[in-house]
Every structure is written in C-alpha cells, then in structure tokens.
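below are the sequence and a predicted model for it; my questions follow.
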Amino acid sequence: MNIALFGPPGAGKGTQAKELSNHYKIPHISTGDILRANVRDGTELGLKAKKYMDKGELVPDEVLIGLIRNRLTEPDCGQGYLLDGYPRTIPQADALSDILQDIKKPLDAVINIEVSDEELVKRLSGRRSCSCGESYHIMFNPPDKEGICDSCGAELYQRDDDREDVIRQRLAVYNEKTKPLIDYYDNAGLLVNVDGSGTVEAVFEDICRIMDQFK
Ligand code: AP5
Ligand code: MG
Ligand code: ZN
C-alpha cells in the first residue's frame with residue numbers, strides 16, 4: 001500500500017500515521033520527524049534545517065528530495081509506505097513521481113485531511129510531542145499521566161514551532177506553497193478527501209475505509 005497523508009499543519013497527519021502504520025504494517029515516513037531527529041543529533045542536515053523550521057518556513061526542496069529518495073529506497077518500504085509531510089511543493093511532488101517510477105512503487109492515493117484554520121490553531125497550540133514521534137493534546141488527546149508519553153514513558157515537550165506566531169507562519173506557507181498540490185493530485189486522480197474534524201477514532205475509521213481498498 002503506497003499512501004501519502006496530506007493536510008495542513010495540525011490536521012492530524014502524525015497522529016493518524018502512527019496508528020495506520022501499526023494497523024497496516026507499513027513504515028510511517030514523516031519528513032518533519034526525520035528533520036527534528038537530525039536537529040536533535042546536531043547533524044549537518046539538522047543544523048541547516050533548523051533555521052527554516054524555527055521560522056515556520058519550508059526547508060529547501062533539494063534537501064528534502066535527497067532525503068526522501070534515500071528513505072524510500074530502504075528495505076522496509078518493500079510492502080509499501082505511508083508518507084506524512086511530503087510532498088509540500090510542486091517540485092517535491094514532481095521529484096516524488098520520478099523516484100516512485102524508479103522504484104516501481106507508484107502512489108495508490110493521496111489522503112487529504114481537511115480541518116478548519118480555527119481548529120488547527122487550537123490543535124497546534126495545545127499539542128505536546130514526544131521524541132518517539134507520538135503526539136498528544138492537553139485537552140483533546142491527553143496522555144494517561146500528565147507530561148509523560150503513554151507509549152515510551154519519555155517526558156513530553158512543546159515543539160519550538162508550536163508558538164502562536166510560528167503557527168500562523170506555517171499556515172500561511174501551507175496556503176501558498178502546499179495547498180496547490182490538492183489540485184495537482186486531484187488532476188492525477190489520486191486525491192481522496194477526509195473530514196478531519198471528528199475524533200481521532202472517527203478519522204482513523206474513515207481513512208481505513210479508503211486504505212482497505214488498496215490492501
Ligand atoms: P511537520 O513536522 O511535518 O509539521 P506540520 O506539517 O506543520 O504538521 P504537524 O506535525 O504540525 O501536524 P500534524 O498534521 O502531524 O498533526 P498532529 O497529528 O501532530 O514539519 C515541521 C517543519 O519541518 C516544517 O515547518 C518545515 O520547516 C519542515 N519540513 C517538514 N517536511 C518538509 C517538506 N516536505 N518540505 C520542506 N520542509 C519540510 O496533531 C496536532 C495536534 O492535534 C496534536 O496535539 C494532536 O493530539 C491533536 N489532534 C490530532 N487529531 C485530532 C482530532 N481528530 N481531534 C482533536 N485533536 C486532534
Ligand atoms: Mg506531524
Ligand atoms: Zn514517546
């Protein structure tokens with residue numbers, strides 16, 4: 001199953017991808033998580049990416065395209081993949097289709113999770129994240145024990161880019177650079193819209209109904 005989860009910052013891509021990856025046994029590939037791991041480890045890539053991420057800007061296409069090519073050619077993608085946060089621009093989408101053609105794993109669907117701007121700001125400003133990739137919300141999806149990850153026991157933190165001014169910038173960048181991909185994938189016959197405003201469980205069920213068609 002070859003799927004891209006698409007949607008604005010805070011739509012619930014990471015939350016759903018974690019569950020879907022367990023359910024369908026395909027790797028969750030989050031470019032945001034990969035970049036944050038590099039920032040934490042102080043790699044050359046991390047140092048370069050941090051400048052953009054802290055401002056809510058996109059990291060340059062050539063960096064992302066190299067990163068995603070390497071990741072998609074790893075052996076765990078043999079049975080498919082679940083992309084989260086890639087592609088984010090038209091050049092990234094064009095590069096992706098070349099890569100997928102090379103490795104003979106074309107996309108089955110691009111699942112677009114739709115949520116209103118007002119709800120996105122609420123979700124992002126109350127988010128608490130874990131280095132294991134899990135994310136929580138202080139009101140909508142709290143961990144069993146305050147400040148502690150249910151799945152790995154580590155201490156939760158607030159992402160640097162979840163400050164109100166950076167959230168607004170990320171939404172503006174989404175509208176300008178990423179949203180055009182909705183038409184791009186609609187024209188390619190790959191786009192499927194999902195209402196992301198329901199509970200985590202309700203959205204999960206809707207996405208499963210779509211993904212089950214590609215099992
Ligand atoms: P990235 O990490 O991808 O951030 P993003 O796209 O801004 O998306 P988020 O992770 O913020 O949102 P999400 O949809 O995963 O929501 P979540 O499930 O956590 O990218 C970060 C940065 O890296 C970018 O700004 C850029 O600089 C760089 N980057 C990454 N990829 C790039 C690329 N391809 N090109 C260039 N640069 C790139 O949920 C959010 C909150 O809502 C949580 O608190 C959650 O608990 C809660 N929630 C989730 N679902 C529900 C629900 N149904 N009801 C109520 N609450 C919910
Ligand atoms: Mg995410
Ligand atoms: Zn954790």
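Thanks, I have it. Predicted model, so just to flag it, every value in this text is computed and none were measured. Ligands and ions are numbered 1, 2, ... in the order given.

CA only for contacts and neighbour counts going forward, please
OK.

which residues does the residue most central in space within the chain contact?
Centrality entry for the chain: nearest residue to the mean C-alpha point is residue 84, 2.9 Å, by C-alpha atoms, centre = their mean. By C-alpha atoms under 8 Å, 6 or more residues apart in numbering, the contact list for residue 84 reads 4, 5, 6, 13, 14, 17, 28, 29, 30, 31.

ok, now with 7 Å
Neighbour list for residue 84: 4, 5, 6, 13, 14, 29, 30, 31 [criterion: C-alpha atoms under 7 Å, 6 or more residues apart in numbering].

okay, it and ligand 3: tell me how far apart.
Residue 84 sits 18 Å away from ligand 3, going by C-alpha to the ion, to the nearest Å.

now that residue 125 has come up, it's in contact with residue 161, right?
No - using C-alpha atoms under 7 Å, residue 125 makes no contact with residue 161, being 9.6 Å away.

break down the chain into its strands, ranges please.
2-6, 28-30, 81-84, 109-114, 127-129, 135-137, 191-195 (DSSP state E).

ok so, going back, any idea how far the spatially closest residue to the residue nearest to the centre of the chain that is not a sequence neighbour is from residue 83?
Nearest non-adjacent residue to residue 84, counting by C-alpha to C-alpha, 6 or more residues apart in numbering: residue 30, 4.6 Å away. Distance, residue 30 to residue 83, using C-alpha to C-alpha, to the nearest Å: 6 Å.

can you pick out the residue with more neighbours from these two?
Taking other C-alpha atoms under 10 Å, residue 30 and residue 83 do not tie; residue 83 has more neighbours (24 against 21).

apart from its chain neighbours, what residue comes closest to the more buried one?
residue 4 (4.4 Å).

same check on residue 90?
That would be residue 181: by C-alpha to C-alpha, 6+ apart, it lies 6.5 Å from residue 90.

how near is that neighbour to ligand 3?
31 Å.

can you give me the pLDDT of that residue?
At residue 181, the model reports a pLDDT of 98.

distance of it relative to residue 190?
11 Å.

of those two, who's got more company?
Shown here are residue 181 and residue 190; by other C-alpha under 10 Å, residue 181 has more neighbours (19 against 16).

thanks a lot, catch you later.
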